[in-house]
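S.K.: Just a sequence and a predicted model for now, questions to come.
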Number of protein chains: 2
Amino acid sequence: METRELRYFVAVAEELHFGRAAQQLGIAQPPLSRAIQQLERRLGAALLERGSRGVTLTEAGSVLLREGRAALDAIDAAERRTRRAALAPTGQPGVVLVTKAGATGELLAKLLDAYAAEPGAVAVDVMLCGIGEQERLLRDGRADVALLHRPFDSTAGLDTEELHAEGQVVVLPAGHPLTGRARVRMSDVAALPGLPLPRWPHADGTFPDGAGPPVHHHTQLLQLIALGRASAILPESVRAELRDGLVAVPVADAPTVTTVIAWPPHSRSRAVAALVRAATRL
Amino acid sequence: METRELRYFVAVAEELHFGRAAQQLGIAQPPLSRAIQQLERRLGAALLERGSRGVTLTEAGSVLLREGRAALDAIDAAERRTRRAALAPTGQPGVVLVTKAGATGELLAKLLDAYAAEPGAVAVDVMLCGIGEQERLLRDGRADVALLHRPFDSTAGLDTEELHAEGQVVVLPAGHPLTGRARVRMSDVAALPGLPLPRWPHADGTFPDGAGPPVHHHTQLLQLIALGRASAILPESVRAELRDGLVAVPVADAPTVTTVIAWPPHSRSRAVAALVRAATRL
DNA sequence: AGCGGCGATACCTCCCCGGTATCGGACCAG
DNA sequence: CTGGTCCGATACCGGGGAGGTATCGCCGCT
């Protein structure tokens, strides 16, 4: 199977429309139709159901969509990492570390300091991204190592080391009745009238249903809370960045949040290994 | 990057010889040379060092070899799983479960029974393989789920659930002085004269250096022990398959062996999920 | 100097990819 | 049922690229 065919198929499977997929790929529709037919012939499998009401995926087609995306990511990763390795004529090409914008500020600073002090340390590019993007960045080679927070971030398919565990607090606008309490329970928070919990995007970019405002970024969320439009349950360490007008109250029965350092499993890079070692020694 | 180029590069990187690589790929040498040059141009990276004393990998080249193998595995997996999904017009295509020949006999039987009793269970093909092959089989799509033994098998890049933990015993020929002991320590075993521990192959198929006999299979090993040529430290459950002439003595300070069920992280197959659920309920 | 091994180059052929034009079936409006 | 439109499939053509053969250039060995 050639990557060209795979890219074409993924485009069609996502659009469920040959014409639009072809446009998006920058080719005409007929060669796209032919490429998909040829792929189906070679695999001996019907991938798409062409009905008069548009195109639908067969069972085999949805398998290929899932597996094919992973394969294309792996190819992108190979290409990117090779390019980066080539840019550094001497030794390691520098490491890209990715973490959610607005989180892990202190831990990250300590980690970078500790690693920089090691002999043979290379440049670490810090990349900040939105919620749920890290796994993708690691898989397609744009990043080499990430700081994640379980149980929020999925660590499926990644190697991890635990760095830090902490409880959670509920962040509320100052003056809210609950701010007087020493600690609260999940049930207290779930029932808050007029202060819905925000909705984070899933890995595929869609949002769960619900009443709360959709949120991509940390700071965005804190602002909403200050405006009295939402509340949120977040790790204790947000206390460090609470502005005036925001109050944090511990939530007794919220799940513990574990900060982990994660990397793709076949990453045998010396620099990543050293970074992980530095992190576990913090 | 096209898979053809990637396959060509991996062949050359493994052979470190254009002529032999071309022969192995079934093409002539000149097109292979050109393909590699074109790949290097497109990546903007020197991958191979052509010296008069043959070919060597550059830093970027070894990155691409490692990442490229993973990407090719992912493509093979996509192709195999799609083909298998297409063969089953109704529902799921059957699951391939892989485990080491000679191990986990009882646990496996119970798992298959428990899963078969579930509603909606599909056919489970059991595949037996040698030491260290399971991870590869999962990655390139020849298998969907595996029974592994930590810490011997690497579970890097796989999702796992723990099923069973057990201590280890040393297996000795009957009549050996140590067989009178109720239990022994690692240091007792390491010092055994004339009964070296066997060497298992690494993931890449090579053997570590040492005195012991190289071993691929369980039964092979037990036979060597009965002949008085080796001893081995193995999980307790081997007791069930000890023939006459073999004795097992618990090793107090050997690491615990954990049997886990493992699957590739993006495997969203309903059948694999049900199998894992059945396994954790055992 | 002569020779053998090995990768690069030159040059040719043919296939396959992509483009344009057109077809054919499904659905819709009247 | 007829004309229109939407959409994927088919027909056909042209160019680029993949692979083949022959040969070169370089290095090391004797």
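M.R.: Received the coordinates, thanks.
S.K.: show me where pLDDT drops low in chain A?
M.R.: By pLDDT under 70, the weakly predicted segments of chain A are A:89-92, A:102-103, A:202-205.
S.K.: Between its first and last residues, how far does stretch A:98-117 reach?
M.R.: One end of stretch A:98-117 sits 20 Å from the other (Cα to Cα, to the nearest Å).
S.K.: So what touches it?
M.R.: Under the criterion Cβ atoms under 8 Å, 6 or more residues apart in numbering or on different chains, residues A:121, A:124, A:126-131, A:133-134, A:137-138, A:142-143, A:145-147, A:149, A:163-164, A:217-219, A:235, A:237, A:240-241, A:259, A:261, A:274-275, A:278-279, A:281-282 lie in contact with stretch A:98-117. C-beta here means a position set from N, CA and C on the backbone, and glycine is covered the same way.
S.K.: next one: it to chain centre, how far?
M.R.: Here the centre of stretch A:98-117 is set off from its chain's centre by 17 Å, with Cα atoms, centre = their mean, to the nearest Å.
S.K.: helices or strands next to the helix or strand encompassing A:Asp73 in the packing?
M.R.: Element membership of A:Asp73 [criterion: DSSP states H and E] is helix A:59-87. Here helix A:59-87 touches helix A:3-15, helix A:134-139, helix B:3-15, helix B:29-43, helix B:59-87, going by 3 or more Cβ pairs under 8 Å, 6 or more residues apart in numbering or on different chains; DSSP states H and E.
S.K.: returning to that earlier point: which of the contacts of stretch A:98-117 are buried?
M.R.: A:121, A:124, A:127, A:129-131, A:133-134, A:137-138, A:142-143, A:145-147, A:149, A:163-164, A:218, A:235, A:237, A:259, A:261, A:274-275, A:278-279 (16 or more other Cβ atoms under 10 Å in any protein chain shown).
S.K.: so of these, which ones are in helices?
M.R.: Residues of those located in helices (DSSP state H): A:Gln134, A:Leu137, A:Leu138, A:His218, A:Ala274, A:Leu275, A:Ala278, A:Ala279.
S.K.: possible to save those residues as JSON lines with distance to A:Leu64?
M.R.: Formatted as JSON lines, these follow (distance: Cβ to Cβ, whole Å):
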{"residue": "A:Gln134", "distance to A:Leu64": "26"}
{"residue": "A:Leu137", "distance to A:Leu64": "24"}
{"residue": "A:Leu138", "distance to A:Leu64": "23"}
{"residue": "A:His218", "distance to A:Leu64": "36"}
{"residue": "A:Ala274", "distance to A:Leu64": "39"}
{"residue": "A:Leu275", "distance to A:Leu64": "36"}
{"residue": "A:Ala278", "distance to A:Leu64": "41"}
{"residue": "A:Ala279", "distance to A:Leu64": "37"}
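S.K.: Quick check: of these, which lies closest to B:Ala21?
M.R.: A:Leu138 (31.1 Å; Cβ to Cβ).
S.K.: my read: that closest one touches A:Ile261, true?
M.R.: No - A:Leu138 is beyond contact range of A:Ile261, at 11.3 Å (criterion: Cβ atoms under 8 Å).
S.K.: Now list whatever residues contact both of the two.
M.R.: A:Val145, A:Ala146.
S.K.: Next, count neighbours for A:Glu49.
M.R.: 11 (other Cβ atoms under 10 Å in any protein chain shown).
S.K.: for A:Leu97, same thing?
M.R.: 22.
S.K.: repeat for A:His216
M.R.: 18.
S.K.: Tell me the spacing between it and A:Pro198.
M.R.: 10 Å (Cβ to Cβ, to the nearest Å).
S.K.: Which positions in the stretch 101-250 of chain A make contact with chain B?
M.R.: Residues of the stretch 101-250 of chain A that fall close to chain B, judged by Cβ under 8 Å from any Cβ of the partner chain: A:Gly141, A:Ala156, A:Gly157, A:Leu158, A:Asp159.
S.K.: ok now do the second one, which residues does it touch?
M.R.: Same thing as A:Ala156. The contact partners of A:Ala156, taken as Cβ under 8 Å, 6+ apart, are A:Glu135, B:Asp159, B:Pro265, B:His266.
S.K.: Need the three-state assignment for the residue lying closest to the first one once chain neighbours are set aside.
M.R.: Counting by Cβ to Cβ, 6 or more residues apart in numbering or on different chains, the nearest residue to A:Glu135 once its immediate chain neighbours are dropped is A:Ser154, at 6.0 Å. Look at A:Ser154: counting by DSSP: H, G, I helix; E, B strand; the rest coil, its state is coil.
S.K.: Near A:Ser154, how many other residues are there?
M.R.: Using other Cβ under 10 Å, A:Ser154 has 17 neighbouring residues.
S.K.: May I ask you to confirm that it is in contact with A:Arg136?
M.R.: No - at 10.6 Å, A:Ser154 and A:Arg136 do not qualify as touching, with contact defined as Cβ under 8 Å.
S.K.: Are we agreed that A:Val249 is in a strand?
M.R.: Yes - counting by three-state DSSP, A:Val249 is part of a strand.
S.K.: ok, which residues in chain A are in contact with DNA strand D?
M.R.: For chain A, the residues in contact with DNA strand D (Cβ under 7 Å from any atom of the strand) are A:His17, A:Phe18, A:Gly19, A:Gln29, A:Pro30, A:Ser33, A:Arg34, A:Ile36, A:Gln37, A:Arg50, A:Gly54, A:Val55.
S.K.: most surrounded residue in these?
M.R.: Neighbour count (other Cβ under 10 Å) singles out A:Ile36 as the most crowded of the residues of chain A next to DNA strand D, with 23 neighbours.
S.K.: Pull the contacting residues for that residue.
M.R.: A:Glu5, A:Tyr8, A:Phe9, A:Val12, A:Phe18, A:Leu47, A:Leu48.
S.K.: In CSV: the residues you listed, plus distance to A:Gln168.
M.R.: Shown next, in CSV, are the contacts of A:Ile36 (distance: Cβ to Cβ, whole Å):
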residue, distance to A:Gln168
A:Glu5, 47
A:Tyr8, 45
A:Phe9, 43
A:Val12, 43
A:Phe18, 48
A:Leu47, 44
A:Leu48, 45
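S.K.: Among these, list the two that are farthest apart in space.
M.R.: A:Glu5 and A:Phe18 (14.4 Å).
S.K.: ok so, going back, out of the ones in helices among the buried ones among the contacts of stretch A:98-117, which one sits closest to DNA strand C?
M.R.: DNA strand C lies nearest to A:Leu137 out of these, by Cβ to the nearest atom of the strand, at 27.8 Å.
S.K.: ok, which residues in the stretch 51-200 of chain A are in contact with DNA strand C?
M.R.: So the stretch 51-200 of chain A meets DNA strand C at A:Gly51, A:Ser52, A:Arg53 (Cβ under 7 Å from any atom of the strand).
S.K.: For A:Leu197, which three-state class applies?
M.R.: When classified by three-state DSSP, A:Leu197 comes out as coil.
S.K.: doesn't A:Val247 make contact with A:Leu172?
M.R.: Yes - look at A:Leu172 against A:Val247 with Cβ under 8 Å: they come within range, at 5.3 Å.
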